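Engineer: Next come a sequence and a model predicted from it.
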Amino acid sequence: MDARTPSLVAAPILVAFGVEPSRRSVRMWLEDEGYEVGETAATASTIAYLHFAQAPHIVLLDYYLPPGTAEPLLHVVTLDATLQRHRYILSLRPDRLMQTFSDEAERLIYTLCTDVLENPLDMEQLRAAIEQGSGVTARQGVQALPLRVAAHSAHHRPGTLSAALAQVARRLHLSGRG
């Protein structure tokens with residue numbers, strides 16, 4: 001299998017991005033790579049899509065999914081076994097990371113997301129996140145895969161996405177909330 005051929009076990013992918021040009025470009029790239037792709041643009045439509053999906057999906061989830069953030073969606077996932085069968089990869093824009101996440105948002109990200117990727121997405125990191133965890137649901141991901149944080153820079157400098165989320169993961173693990 002060449003590097004551009006998706007794994008035979010790769011689940012369908014849902015691109016849940018509020019910004020239409022970003023959603024469209026990611027969808028087109030994934031379709032060109034051979035993945036089965038759906039898309040949603042808001043929290044409510046994402047919940048509905050995933051609730052009625054026939055197969056478990058890999059959900060590429062923009063943290064700033066309208067009408068606010070992905071936190072309400074992730075909270076619903078904790079309450080709905082149907083939504084827990086999907087795997088969540090979170091996408092964050094580093095220019096918006098200057099905000100402080102609530103304790104609940106940090107817990108939800110650490111508990112439900114198997115990967116956190118910096119947006120704009122590096123397609124090689126996205127491909128690796130999809131392929132490394134194909135078939136792993138959010139709940140299984142907590143036990144089977146550590147939270148992987150991928151930033152474009154190779155270094156974990158203070159203030160970067162990877163440093164901030166690695167710090168969140170360490171704090172949650174040390175406090176017993178993870």
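Structural biologist: Structure's in. What do you need?

Engineer: Show me the shaky parts of the protein.
Structural biologist: 1-9, 94-100, 133-178 (pLDDT under 70).

Engineer: Going by residue numbers, what spans are strands in it?
Structural biologist: 13-16, 37-40, 58-62, 87-92, 113-118, 148-150 (DSSP state E).

Engineer: Quick check: bridge partners of Val37?
Structural biologist: Ile13 (DSSP bridges).

Engineer: Next, format the strands of the chain as JSON lines and append mean neighbour count and distance to Phe52.
Structural biologist: (Each C-beta comes from the backbone N, C-alpha and C, glycine too.) Listed next are these as JSON lines, based on neighbours: other C-beta atoms under 10 Å; distance: least, C-beta to C-beta, whole Å:
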{"stretch": "strand 13-16", "mean neighbour count": "25", "distance to Phe52": "12"}
{"stretch": "strand 37-40", "mean neighbour count": "19", "distance to Phe52": "11"}
{"stretch": "strand 58-62", "mean neighbour count": "27", "distance to Phe52": "14"}
{"stretch": "strand 87-92", "mean neighbour count": "25", "distance to Phe52": "17"}
{"stretch": "strand 113-118", "mean neighbour count": "24", "distance to Phe52": "22"}
{"stretch": "strand 148-150", "mean neighbour count": "21", "distance to Phe52": "29"}
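
Engineer: Export these as JSON lines, with columns for distance to Ala129.
Structural biologist: Listed next are the strands of the chain as JSON lines, based on distance: least, C-beta to C-beta, whole Å:
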{"stretch": "strand 13-16", "distance to Ala129": "11"}
{"stretch": "strand 37-40", "distance to Ala129": "15"}
{"stretch": "strand 58-62", "distance to Ala129": "8"}
{"stretch": "strand 87-92", "distance to Ala129": "5"}
{"stretch": "strand 113-118", "distance to Ala129": "4"}
{"stretch": "strand 148-150", "distance to Ala129": "7"}
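
Engineer: Can you say which of those is nearest to Glu124?
Structural biologist: strand 148-150 (9.4 Å; C-beta to C-beta).

Engineer: on that earlier part again, which of the strands of the chain sits closest to Ser22?
Structural biologist: Taking the strands of the chain one by one with C-beta to C-beta, strand 58-62 is closest: 7.5 Å.

Engineer: What is that closest one packed up against?
Structural biologist: strand 13-16, helix 43-52, strand 87-92 (3 or more C-beta pairs under 8 Å, 6 or more residues apart in numbering; DSSP states H and E).

Engineer: Run through the helices of this structure in chain order.
Structural biologist: Taking DSSP state H as the test, the helices found in the chain are 20-32, 43-52, 71-79, 81-84, 103-112, 123-132, 138-144, 161-175.
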